[in-house]
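K.L.:
show me the folded form of this:
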Amino acid sequence: MWDLPAIPPLIAPFLLLTLMVNYWILLALISSYLVIIGAASLRFALQERDARYFLSIPIVYIVEHLCYTIGFWKEVFRPHKMREGQPQ
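P.N.:
The predicted model follows:
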């Protein structure tokens, strides 16, 4: 459970807390995230020589990261109950 994919959901509450300190910190962190996602999509678009990846990859990453973070915290607060005999 404790590996690299667990980092974004664990950072999410701290991002929300930055709103109480200074909203510019949150804007800087979100901007940094978007620059990293943009650079990754640009690299992949250039590698594949297809400009469509430059627009589609950021959307996919953002949706994936949001869904993973929401699912992570849902399971923390309301874990899925396994039925008896159901594979784990």
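K.L.:
any regions of the protein where pLDDT drops low?
P.N.:
1-2, 83-88 (pLDDT under 70).
K.L.:
report the central residue of it.
P.N.:
residue 65 (2.5 Å; Cα atoms, centre = their mean).
K.L.:
what helices or strands is the helix or strand harbouring residue 35 leaning on?
P.N.:
Assigned by DSSP states H and E, residue 35 falls within helix 23-48. If you count contacts as 3 or more Cβ pairs under 8 Å, 6 or more residues apart in numbering; DSSP states H and E, helix 23-48 packs onto helix 7-21, helix 52-77. Using the backbone N, CA and C atoms, a C-beta is placed for each residue, glycine as well.
K.L.:
and the contacts of the first one?
P.N.:
So that's helix 7-21. Contacts of helix 7-21 from elsewhere in the structure, counted by Cβ atoms under 8 Å, 6 or more residues apart in numbering, are 25-26, 29-30, 65, 68-69, 72-73.
K.L.:
next one: stretch 41-48
P.N.:
51-58, 61.
K.L.:
how much space is there between residue 27 and residue 15?
P.N.:
In this structure, residue 27 and residue 15 are 11 Å apart, going by Cβ to Cβ, to the nearest Å.
K.L.:
who has more neighbours, these two?
P.N.:
Between residue 27 and residue 15, counted using other Cβ atoms under 10 Å, the more crowded position is residue 15 (15 against 11).
K.L.:
ok, now how distant is the more buried one from residue 53?
P.N.:
Distance from residue 15 to residue 53, by Cβ to Cβ: 27 Å.
K.L.:
please work out how many residues are found near the closest residue to residue 40 other than its chain neighbours.
P.N.:
Spatially, and ignoring its direct neighbours in sequence, residue 40 is nearest to residue 57 (6.9 Å; Cβ to Cβ, 6 or more residues apart in numbering). Residue 57: 18 surrounding residues under other Cβ under 10 Å.
K.L.:
before we move on, what about the one 4 residues further on?
P.N.:
Residue 61: 17 surrounding residues under other Cβ under 10 Å.
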